[in-house]
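Enquirer: predicted model and sequence below, questions to follow.
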Amino acid sequence: MDKIPPRIALVGRPNVGKSTLFNRLVGHRKAVVSPASGTTRDRLYAEVAWRRSTVTLIDSGGLEFTEEAGLPGDIQRHIRRGLEQADGFMLVLDAQAGLLPADRMILDDLRKTGKPVILAVNKSDRRLAVPPEFHELGVAEAFAVSALHGYGTGDLLDALISRFPSEPASAAASDVRPLALALVGRQNVGKSSLMNAVLREERVIVNDMPGTTRDAVDTLLSFEGAPVLLIDTAGLRHRRKVRSPIDLFAMSRTLQAIARCDVALLVLDATQGVTRDDQRIAAQIAERGRGLVILVNKWDLVKGVKERALPETIRRTLLPAMGAPVIAVSAKTGYQVPQGLQKARRVGAAMERGLSEAECLGLIQAAWRSQPIPRFRGRPVKLRSVRWTNGRPAVAELLTSPVGWLPLPMRRAIQKRFALHPRLSGVPVHIIVTAADRRRP
């Protein structure tokens, strides 16, 4: 069994550059960065490979010692729970602000855990040296870095690998690609609550304030013996409602999560029904060719609605979700939450399996017979053959003559046949119509 890479938590006051350093060490912009204090809220995990070894870095919000209620208090409790999971700490300090009493207080807390601590004195942009005052902390391993420019990060990674050695992952393990599932939806529909319900721990912060989640939070887990990458995302809304740069970055992260997932779990609020924003999100998922499962959350708050009638009700009002699995769930009680992941795995498997060209041709011919014969400039358009290609999305290419063209009603009839096929439930299929080559036999 492969050894789990050691987990190193980046800790420090707000605005010392933890997320910027995290992004620099990871090699891409995974965490949202802003000059505003308190930008980072949830814990972000990322593996960093360096000199044939691997460590897992944990980014979290700035550590403070206030006992505020509401979201600030939730964030601080969430950070401290993350410290319990870490095998060691990278205390990030600000060379430009100098050594502050809060830095000493944080270090005292870290020392009480008995776990190793390395100092990263960030913002050493002009002179790559640890200022003398930071040596007063008594930590032998202290490194001057500039997360903005990348100065000193190589020495820092060398120290991390030396202090927290790990075994290289086996080739067999690295070849197994997890199924990527993204929890997407409007704000306050319960995406983070569902994430926590799946993991059975408070992995992400849950709060009634809209926009609590800002980063796309990835969590790798094993579900029914198979690896799954579960991605919690910030709530999407119409662009004209987005006012702050942080919210704009958060929406960008969500769209990126949709683009890199295999199957999107679109979360709806059972108490509000389908809204225009839900329709826009479903359309974005369909345009990107990702699999789709509908989770109707907060089912414990709904009275007098028959669950059996739910799929047909949702599909009538959410056209891009035609044929997608619809499941009533409750993050609060755990009702049918595992079934949502089971359906998503089936959709992922169906995307890999797809249809044979003979099956695809049979579906299209059935739709063809249900519609008037398509005509182009008075001439009947004939279906010559069909090509099926699996992928994200699956593609059905229709070869027609005398031209590669079909009227919209015919396209919709074919699309409906695909959507309602039992083996294509939740599987996106894009239709391409091209002119048949008459020279082909």
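Expert: In hand now; what should we look at? Keep in mind that this is a model prediction, so the values were computed, not measured.
Enquirer: from here on, contacts and neighbour counts on C-alpha atoms
Expert: Will do.
Enquirer: which SSE is Asn194 in?
Expert: Let me fix one detail, which is that residue 194 is Leu and not Asn. Using DSSP states H and E, Leu194 falls within helix 191-199.
Enquirer: in that helix, what's buried?
Expert: Neighbour-count burial for helix 191-199 flags Lys191, Ser192, Ser193, Leu194, Met195, Asn196, Ala197, Val198 (criterion: 16 or more other CA atoms under 10 Å).
Enquirer: quick one, helices of the protein?
Expert: 18-26, 71-85, 101-112, 132-135, 153-163, 171-174, 191-199, 245-260, 276-287, 310-317, 337-353, 357-369, 408-420 (DSSP state H).
Enquirer: these: which one's closest to Thr54?
Expert: Checking the helices of the chain against Thr54 by CA to CA gives helix 153-163 as the closest, at 7.5 Å.
Enquirer: which elements pack onto the closest one?
Expert: The contact analysis (3 or more CA pairs under 8 Å, 6 or more residues apart in numbering; DSSP states H and E) places helix 153-163 against strand 44-50, strand 53-59.
Enquirer: contacts for the last one, please.
Expert: I take that to be strand 53-59. 5-11, 18-19, 22, 31, 43-49, 160-161, 164-168 (CA atoms under 8 Å, 6 or more residues apart in numbering).
Enquirer: same thing with the first one?
Expert: Outside strand 44-50, the residues within contact range by CA under 8 Å, 6+ apart are 25-26, 31, 54-60, 157-158, 161, 215, 217-219.
Enquirer: ok, of the residues you listed, which come out buried?
Expert: Here, 16+ other CA under 10 Å leaves 25-26, 31, 54-60, 157, 161, 215, 217-219 buried among the contacts of strand 44-50.
Enquirer: between these, which is nearest Lys343?
Expert: Closest to Lys343, out of all of the buried ones among the contacts of strand 44-50 and judged by CA to CA, is Thr219, at 18.6 Å.
Enquirer: what about Gln314, neighbour count?
Expert: For the record, residue 314 is Ile, not Gln. Other residues near Ile314 come to 19 when the count uses other CA atoms under 10 Å.
Enquirer: tell me the contacts of the closest residue to it other than its chain neighbours?
Expert: Using CA to CA, 6 or more residues apart in numbering and skipping the chain neighbours, the partner closest in space to Ile314 is Val274 (7.3 Å). Taking CA under 8 Å, 6+ apart, we find Val274 in contact with Leu268, Ile314, Thr317, Leu318.
Enquirer: what sits against the third one?
Expert: Contact criterion CA under 8 Å, 6+ apart gives Val274 as the residues in contact with Thr317.
Enquirer: likewise for the first one?
Expert: Applying CA under 8 Å, 6+ apart to Leu268 gives the contacts Gly185, Arg186, Val189, Val274, Asp278, Ile294, Leu295, Val296, Asn297.
Enquirer: just grab the bridge partners of the first one for me.
Expert: Okay, so that is Gly185. Val267 (DSSP bridges).
Enquirer: state the distance from it to Gln279.
Expert: Shown here: Gly185 relative to Gln279, a distance of 10 Å by CA to CA, to the nearest Å.
Enquirer: between the two, which one's more packed in?
Expert: When neighbours are counted by other CA under 10 Å, Gly185 comes out ahead of the other of Gly185 and Gln279, with 28 against 15.
Enquirer: I'd say that one and Asp269 touch.
Expert: No: judged on CA atoms under 8 Å, Gly185 makes no contact with Asp269 at a distance of 9.2 Å.
Enquirer: quickly list what the residue lying closest to Trp388 once chain neighbours are set aside is bridged to.
Expert: Distances taken as CA to CA, 6+ apart put Ala396 closest to Trp388, at 4.8 Å, once the chain neighbours are dropped. For Ala396, the beta-bridge partners under DSSP bridges are Trp388, Ile431.
Enquirer: so who does Ala396 touch?
Expert: So Ala396 contacts Cys360, Val386, Arg387, Trp388, Thr389, Val429, His430, Ile431, Ile432 (CA under 8 Å, 6+ apart).
Enquirer: test my guess that the third one contacts Glu397.
Expert: Yes: the pair Arg387 / Glu397 is scored as a contact, 5.0 Å apart, by CA under 8 Å.
Enquirer: contact partners for Cys360?
Expert: Cys360 makes contacts with Val386, Trp388, Ala396, as judged by CA under 8 Å, 6+ apart.
Enquirer: how much space between it and Ser53?
Expert: Distance, Cys360 to Ser53, using CA to CA: 47 Å.
Enquirer: ok, now Pro428?
Expert: Remark: distance between Pro428 and Ser53 (CA to CA) = 39 Å.
Enquirer: then Leu44?
Expert: Between Leu44 and Ser53 the computed distance is 20 Å (CA to CA).
Enquirer: between these two, which has more neighbouring residues?
Expert: Leu44 (25 against 17).
Enquirer: name the nearest residue to Thr20, ignoring sequence neighbours.
Expert: Ala147 (5.9 Å).
Enquirer: tell me how many other residues crowd that neighbour.
Expert: By other CA under 10 Å, the residues close to Ala147 number 24.
Enquirer: surely it meets Arg24?
Expert: Yes: with contact defined as CA under 8 Å, Ala147 counts as touching Arg24 (6.1 Å).
Enquirer: so where's the stretch 151-300 of the chain uncertain?
Expert: The model of the stretch 151-300 of the chain has pLDDT under 70 over residues 166-176, 201-216, 237-247, 249-250.
Enquirer: mind saving the C-alpha coords of stretch 260-277 as CSV?
Expert: Output of stretch 260-277 as CSV, limited to C-alpha atoms (Å, rounded to 0.1, in the frame of the first residue of the first chain):
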residue,chain,number,x,y,z
ARG,A,260,-12.5,19.7,-15.6
CYS,A,261,-15.2,17.4,-14.1
ASP,A,262,-16.6,14.3,-15.6
VAL,A,263,-20.1,14.6,-14.1
ALA,A,264,-21.7,17.7,-12.6
LEU,A,265,-24.0,17.2,-9.6
LEU,A,266,-26.4,20.1,-10.0
VAL,A,267,-27.9,21.0,-6.6
LEU,A,268,-31.4,22.5,-6.5
ASP,A,269,-33.3,23.9,-3.5
ALA,A,270,-36.5,21.9,-3.0
THR,A,271,-38.1,24.8,-1.2
GLN,A,272,-37.6,27.1,-4.2
GLY,A,273,-38.1,24.9,-7.2
VAL,A,274,-36.3,25.6,-10.5
THR,A,275,-35.1,29.2,-11.1
ARG,A,276,-33.7,31.0,-14.1
ASP,A,277,-30.2,30.7,-12.6
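Enquirer: for it, buried residues please.
Expert: By neighbour count on 16+ other CA under 10 Å, the buried set for stretch 260-277 is Arg260, Cys261, Asp262, Val263, Ala264, Leu265, Leu266, Val267, Leu268, Asp269, Ala270, Val274.
Enquirer: contacts only, for the second one.
Expert: When the contact criterion is CA under 8 Å, 6+ apart, the partners of Cys261 are Leu179, Ala180, Leu181, Ala182, Arg290.
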